[in-house]
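S.K.: With the sequence up front, the predicted model follows.
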Amino acid sequence: MSNQKEHKEEKSHSQLQQMMRAFLRGISIQERINFARHLAVTIKSSMPLLESLRLIKNQTKSKKFSKIIDDVMQYINNGQSLAQSLEHYDYVFGEFFINMVRVGEASGNLSSTLLYLAVELKKQREINSKVKAAMIYPAVIFVVTIGIAVFLTLFIFPKILPIFVSLRVQLPFTTKAVIQFLSLLQNYGLLMLIGIGALFAAVRIILTFKKIHFWFDRFLLTIPFLSSVIINLTMANFTRSLGVLLKSGMNIVDALKVAQGTFHNHYYRYQLEQAIVSVVKGETMAHYFETQPHFFPPMFVGMIQVGESSGNLEENLGYLADYYESEVDAVVTNLTTVLEPFLLLFMGFLVGFIALSIITPIYKVTQGLQVK
């Protein structure tokens, strides 16, 4: 009986944790950057850690983040280190952030490590923002096109259709197609909406399975242009993170394990796991990367090889980070340049199709009236 009670308590506690995770996952990267920067400045000014955290808590505008800082302070009061306290919110801060804090505490350079962390997080945010910003224009065109098409189909066409029916005009193919679409919406519109929602929900649930997510991420790397964005973005984030970790004094195996947490693509995480196994066996890091030319470009492998053989790996990683950041800019620019004409053609075709379905019968009516 007591075991069942304990099981129920554990289950309810687990559910509560999941709800809290869902609630707190919305902490922005800018809030983490501000946290690292402000904490670095206050610690550098010789302010005790708890007082620094209290000051930051009072300054933050986010109630979610304020709650996290309050909990972190309680953990520190109970004897845990800052890194251990942040681990309770690993889904907010991430492995990279927490391990950098741990390195800073161990080396006694927490202030400078936090400042460096803030700079690196800012660079990662800028890279990700560039990709998102480049997608805004195509997304706006697509949404506007669909909006115009829906407006013409649902609000303009139904008002004109009864006139065509009363005059018994021979309707063209385009008009018949729009009528069929309207009929489909009227009869099954709600079911279609539910079906689309269910499909999106099903995809999200299916992708929670690691194996399926793994193969989905692998599939993304086969799509032209998109694969270039993913590869360059992954290389930029990985080289910058690995360089920072190595500069902080972390050994190569531990640094690779932490840097693995910066990969959003599960297939790349698998590739890095294999690279770690290779390094543990005594091989160089570049040795495994060289066997996977489709995922680790020759430029990347070559610079890693030179860095490992010359002892300038950290500098070479910094160079690669800058290089791949510029590559992300170039690929994203090319991607939007390629997408723009296709989207404009799609917009012209869709709106033109609906416009023809309205204008053509009107033209036939006017022609008939002229003949009479």
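M.R.: Nice, thanks for sending it over. Just so we're clear, the structure is a prediction, and the values are computed from it rather than from any experiment.

S.K.: how far away is the spatially closest residue to residue 226 that is not a sequence neighbour from residue 213?
M.R.: Leaving aside its sequence neighbours, residue 226 sits nearest to residue 220 (CB to CB, 6 or more residues apart in numbering; 6.2 Å). The C-beta positions use only the backbone N, C-alpha and C, and glycine is treated the same way. According to CB to CB, to the nearest Å, residue 220 stands 11 Å off from residue 213.

S.K.: where in the stretch 51-200 of the chain is pLDDT low?
M.R.: For the stretch 51-200 of the chain, residues meeting the criterion pLDDT under 70 lie at 164-169.

S.K.: Could I get the full set of strands for it?
M.R.: Remark: no strands are assigned in the stretch 51-200 of the chain by DSSP state E, counting those that start in this stretch.

S.K.: what ranges do the helices span in it?
M.R.: 63-77, 82-87, 90-107, 110-151, 157-167, 173-206 (DSSP state H, counting those that start in this stretch).

S.K.: hmm, back to that, and the residue nearest to residue 226, how many neighbours?
M.R.: Look at residue 220: counted by other CB atoms under 10 Å, it has 14 neighbours.

S.K.: Might one say that it is in contact with residue 227?
M.R.: Yes. Residue 220 is within contact range of residue 227, at 6.8 Å (criterion: CB atoms under 8 Å).

S.K.: give me every residue that touches residue 272.
M.R.: 238, 256, 259-260, 263 (CB atoms under 8 Å, 6 or more residues apart in numbering).

S.K.: redo that, cut-off 6 Å
M.R.: Residue 272 makes contact with residue 260 under the criterion CB atoms under 6 Å, 6 or more residues apart in numbering.

S.K.: Counting neighbours, which bits of the helix or strand harbouring it end up buried?
M.R.: Element membership of residue 272, judged by DSSP states H and E, is helix 266-280. Neighbour-count burial for helix 266-280, counted by 16 or more other CB atoms under 10 Å, picks out 266-269, 271-272, 275-276, 278-279.

S.K.: Relative to residue 85, which of these is nearest.
M.R.: Residue 85 lies nearest to residue 269 out of the buried residues of helix 266-280, by CB to CB, at 26.3 Å.

S.K.: ok, so what distance separates that closest one from residue 163?
M.R.: Residue 269 is 61 Å from residue 163, by CB to CB.

S.K.: Repeat that for residue 309.
M.R.: Residue 309 is 80 Å from residue 163, by CB to CB.

S.K.: ok, now residue 143?
M.R.: For residue 143 relative to residue 163 (CB to CB), the value is 31 Å.

S.K.: got it, and residue 91?
M.R.: 59 Å.

S.K.: sec struct for residue 47, please.
M.R.: Here residue 47 is coil, with the state taken from DSSP: H, G, I helix; E, B strand; the rest coil.

S.K.: Count residues in the vicinity of the spatially closest residue to it that is not a sequence neighbour, would you?
M.R.: With sequence-adjacent residues excluded and distances taken as CB to CB, 6+ apart, residue 47 is closest to residue 55, at 7.4 Å. As a burial measure, residue 55 scores 15 neighbours (other CB under 10 Å).

S.K.: can you check residue 221 too?
M.R.: 17.

S.K.: which phi and psi does it have?
M.R.: phi -80, psi 0 (degrees, to the nearest 10).
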